[in-house]
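Undergrad: Fold the following for me, if possible:
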Amino acid sequence: MTASADPAADGPRGALQDLLVLDLTRILSGPFATMTLADLGADVIKIEQPSTGDDTRAWGPPFQGEEAAYFLSVNRNKRSMAVDLKSAEGREAVWKLAARADVLVENFRPGTAAGLGFGFDELSKANPGLVYASISGYGQTGPEARRAGYDAIAQARSGIMSVTGEADGPPVRVGVSSADLVAGMWATIGILAALHEKQRTGLGQGVDISLLDGSVAWLTYVASGYFASGNTPRRYGSAHPTIAPYQAFASSDAYVMVAVGNDGLWKRFTSAIEREDLLRDERFATNSARVENRNVLIPVIEDIMLTHTTEEWVHTLNTAGVPVGPIQTVGQAVQDPQVVARGMVVEMQHPTAGRVNTVGCPIRLTRTPASVRMPPPLLGQQTDEILAGLGYDAVDIAGLHASGAVE
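TA: Below you'll find the model as predicted:
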């Protein structure tokens, strides 16, 4: 069972309901950040190129109706305005929005927004309170700032791929676009920090986020281990470099993830698998010893785990208080009772795609909850409505359409 999005629902719109966000982003990193702000209540106006819109509108299959599933995944709760930023009239309309906005988010290649007349320096003069967030591959400074950024390249250069994959296999890209998504999360954090500081000073500021920086920051304890030892971190598959046993094991019918995170859990684990002799073995007495002797320990546990099904091991180890979980497919994960109970699958009614399921917002606030109020917009669906809100009358709007400045 899924939660439902009701645009007309009564109640608070969210913690950010008084914010206007001008969204000049496309693809994934920027739209993910602006969708998070929208879920939290902000009025997000997405600027798109007439005729084509965000590139991901065409990224399929799969499609639902004529809508690409990719686009649907990161653009809910937004209003779409189709504007030709190469036209003077189109730029003027967007400039008016920027002058009113609390936040602007862009993920052009550095220098592109400024070339269009929408750089931070220009806009902050007209709107000193504007929080201006830029997401790029390598940041706004440094020798490679002007290079285009791609998720896979950021994963590769950051070291993330070097520690992802089986020990005896090649480096592996994370199964989702982690560099893009992490950059979007860092951008959201930076925006909220800048908005908080603005409460004291009344002034906005620039927020500079890069895919490469964000992924390097994700190295955390892996990088710390390198700094401490000088040893190059390596791949461990599903295992952990400093904890054992902490990895996936094959059961008699599937796979199961086991996380024995301390010596107390090791005692519970050995009892649950009926191998107390392992507890008495000095080679495995402490976590450090188990890590040092993992090549001896893991094959023993692998043989034991093959004796029962995943469901049986999950029941046995859960009962013993040992962290355990089945390795689920995406289909199984979105039907997991805990996931469903937390409202992490939300149903929307889209004007052309019909019923659309989407992953919900994971942020839980007690008084001003996040919500899914509107499905992803059609291209230019709210262009006229937004222009009217800026003071354009019907004749002006018709003229903008006739000139091709808007759609």
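
Undergrad: ok, which stretches of this protein are strands?
TA: 3-4, 20-24, 43-48, 63-64, 67-68, 78-82, 103-106, 131-136, 206-210, 246-250, 255-259, 324-326, 345-350, 354-359 (DSSP state E).

Undergrad: So what touches the second one?
TA: Right, the one you point to is strand 20-24. Outside of strand 20-24, the residues within contact range by Cβ atoms under 8 Å, 6 or more residues apart in numbering are 30-31, 34, 37-38, 42-47, 78, 94, 97-98, 100-108, 113, 118. No exception for glycine: its C-beta is placed from N, CA and C like everyone else's.

Undergrad: Report the buried members of those residues.
TA: Neighbour-count burial (16 or more other Cβ atoms under 10 Å) is assigned, among the contacts of strand 20-24, to 30-31, 34, 37-38, 42-47, 78, 94, 97-98, 101-108, 113, 118.

Undergrad: Mind naming the longest helix for the protein?
TA: Secondary structure of the chain per DSSP state H: the longest helix is helix 178-201.

Undergrad: want to try JSON lines for the strands of the chain, with mean pLDDT as columns?
TA: Shown next, in JSON lines, are the strands of the chain (pLDDT from 0 to 100):
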{"stretch": "strand 3-4", "mean pLDDT": "54"}
{"stretch": "strand 20-24", "mean pLDDT": "98"}
{"stretch": "strand 43-48", "mean pLDDT": "98"}
{"stretch": "strand 63-64", "mean pLDDT": "96"}
{"stretch": "strand 67-68", "mean pLDDT": "96"}
{"stretch": "strand 78-82", "mean pLDDT": "98"}
{"stretch": "strand 103-106", "mean pLDDT": "98"}
{"stretch": "strand 131-136", "mean pLDDT": "98"}
{"stretch": "strand 206-210", "mean pLDDT": "98"}
{"stretch": "strand 246-250", "mean pLDDT": "98"}
{"stretch": "strand 255-259", "mean pLDDT": "98"}
{"stretch": "strand 324-326", "mean pLDDT": "98"}
{"stretch": "strand 345-350", "mean pLDDT": "96"}
{"stretch": "strand 354-359", "mean pLDDT": "96"}
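
Undergrad: residues of the longest helix of the chain that come out buried?
TA: Buried residues in helix 178-201 (16+ other Cβ under 10 Å): 178-188, 190-192, 194-195, 198.

Undergrad: Please put the alpha-carbon coordinates of that helix into CSV.
TA: Taking C-alpha atoms only, helix 178-201 is exported to CSV below (Å, rounded to 0.1, in the frame of the first residue of the first chain):
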residue,chain,number,x,y,z
SER,A,178,26.0,8.7,-6.2
ALA,A,179,28.2,11.7,-7.2
ASP,A,180,25.2,13.5,-8.6
LEU,A,181,22.9,12.7,-5.7
VAL,A,182,25.6,13.5,-3.1
ALA,A,183,26.2,16.8,-4.7
GLY,A,184,22.5,17.5,-4.6
MET,A,185,22.4,16.7,-0.9
TRP,A,186,25.4,18.9,-0.2
ALA,A,187,23.8,21.7,-2.2
THR,A,188,20.6,21.4,-0.1
ILE,A,189,22.7,21.6,3.1
GLY,A,190,24.6,24.6,1.9
ILE,A,191,21.5,26.4,0.9
LEU,A,192,19.9,25.8,4.3
ALA,A,193,23.0,27.0,6.0
ALA,A,194,23.1,30.2,3.9
LEU,A,195,19.4,30.8,4.6
HIS,A,196,20.1,30.5,8.3
GLU,A,197,22.9,33.0,8.2
LYS,A,198,20.7,35.3,6.2
GLN,A,199,18.4,35.5,9.2
ARG,A,200,21.2,37.3,11.0
THR,A,201,22.5,39.5,8.3
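
Undergrad: Appreciated, that's everything.
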